[in-house]
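**Student:** Return atomic coordinates for the entry below.
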Amino acid sequence: MIEILATLSASAAAGIRIALPLLMIGILQGEKLWSQVPILSYVYSPILLGLLSSWTVLELVAAKKLLGQRILQLVQLFLSPLVGAIMGLAVASATEMPHWVIGLIGGMLAFILQLVQVGWFYRLRGLPGWAVFLQNTLCVVLVCFALAAPTSGGLIALILLWFAVLSGKYWYRWYGQGKKREGVKE
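**Tutor:** This is a model prediction of the structure:
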């Protein structure tokens, strides 16, 4: 059960940012770097460190501008399921559950959280600076919790999933109200 909560926490971090959680997992593993991380263990560590560091800086800088947020949303939307699966497998390697189930759960959670971010981005016409700061902070906290306190990290991930469901209900009501207004105008 602890491995599933760790998977949820790590995958939720991947649903918020792409490169930052992968960079943190590698750095927190010490000298081994990404040797225990599926797929990334086949890439030469210095190249991977440079690539993930550059992408993390790009994510942090581009998230401050509206156009940068829009481009990041597209890239993150397509890569979040893959990174969520990788993160889930990286922290839950000792579980008895089949790896494809862990990858599927991690990828789906990351994709759902990324979809919620895209929805709020378009609903608010861009994310304010405090929201971007909160995203980055939450991403770091979730990765740390996935490794040190998986129960707390899993609980935070489940709260984020609950927020995603509430957001979907909110958007559905908002969309329905817009359709009613259009029908009245005609």
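
**Student:** for this structure, longest helix please?
**Tutor:** For the chain, the longest helix by residue count, based on DSSP state H, is helix 150-185.

**Student:** looking only at pLDDT, what's the mean for that helix?
**Tutor:** Across helix 150-185, pLDDT averages out at 84.

**Student:** Mind giving me the packing neighbours of that helix?
**Tutor:** helix 2-16, helix 99-124, helix 129-148 (3 or more CB pairs under 8 Å, 6 or more residues apart in numbering; DSSP states H and E). Backbone N, C-alpha and C define where each C-beta goes, glycine included.

**Student:** any idea how far the longest one is from the chain center?
**Tutor:** Pointing back at helix 99-124 there. 7 Å (CA atoms, centre = their mean, to the nearest Å).

**Student:** Name the residues of the worst-scoring helix or strand of the chain on mean pLDDT that come out as buried.
**Tutor:** None of the helices or strands of the chain scores lower by mean pLDDT, DSSP states H and E than helix 150-185, at a mean of 84. Judged by neighbour count using 16 or more other CB atoms under 10 Å, the buried positions of helix 150-185 are Pro150, Ser152, Gly153, Gly154, Ile156, Ala157, Leu160, Leu161, Ala164, Ser167.

**Student:** No more questions from me, cheers.
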